[in-house]
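Q: Just a sequence and a predicted model for now, questions to come.
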Amino acid sequence: MTRTVLPSLLAVGLASGVTLAGSAQAVANGGDRGQPIVVSGDCAEGLVKVAEGCATPPMRIRHVEPKYPKRARRESISATVIVTGVVGTDGRYRKVKVVRSTVDGMGFEEAALNAVAKWRYTPGMVEGRPVPVPSTVRVRFHFK
């Protein structure tokens, strides 16, 4: 049985990264390698279950920081946005959508979607072939 887990904002561990005062920090759930969060009893540890079989997870190779919304910066507001999608065979995030945001109406969702669309990954692989892999990432906007 395989199920994708959308973690609560408090229950997810942080990936490595540097938070600068008034900057946005994007963190991919599952560790600093940008692995999707998937729970699977069918695959060996470190692999993720996809329609084609057990895949090596995509690894983030290009990270673009999201733009901090101007109004939120002026008002010193922090937020976290959960984004879900599919890492395609070309390493681009596809079918991205916001699952949850801790602050609505301040532009965090749009900034997160724009940044994630620029990220690049090595594709997930099954038996040497690239395959699409569902993924969930957390984009943090932390104002210090």
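A: That came through fine. Numbering: from 1, shown residues only.
Q: Helices along the chain, start to end?
A: Using DSSP state H, the helices of the chain run over 70-74, 108-118.
Q: now, of those helices, which is deepest in the fold?
A: A comparison of the helices of the chain by mean neighbour count, using mean count of other CB atoms under 10 Å, puts helix 108-118 on top with a mean of 19. Bear in mind the C-beta positions are built from the backbone N, C-alpha and C, glycine included.
Q: give me the low-pLDDT residue ranges for the chain?
A: The chain contains residues with pLDDT under 70 at 1-41.
Q: circling back to that earlier point, between the helices of the chain, which one is nearest to Arg62?
A: helix 108-118 (7.4 Å; CB to CB).
Q: So which residues make contact with that closest one?
A: The contact list for helix 108-118 (CB atoms under 8 Å, 6 or more residues apart in numbering) reads 24, 26, 62, 64-69, 72, 79, 81, 83, 85, 92-93, 96-98, 101, 137, 139, 141.
Q: As TSV, the helices of the chain with distance to Gly128 would be great.
A: Below are the helices of the chain laid out as TSV (distance: least, CB to CB, whole Å):
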stretch	distance to Gly128
helix 70-74	44
helix 108-118	27
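Q: Mind checking those for the one nearest to Glu52?
A: Glu52 sits nearest to helix 108-118 of all those, at 23.5 Å, using CB to CB.
Q: Emit the ChimeraX select command for whichever of the contacts of helix 108-118 are buried.
A: Selection of buried members from these for ChimeraX, criterion 16 or more other CB atoms under 10 Å:
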select :24,26,65,66,67,68,69,72,79,81,83,85,92,93,96,98,101,137,139,141
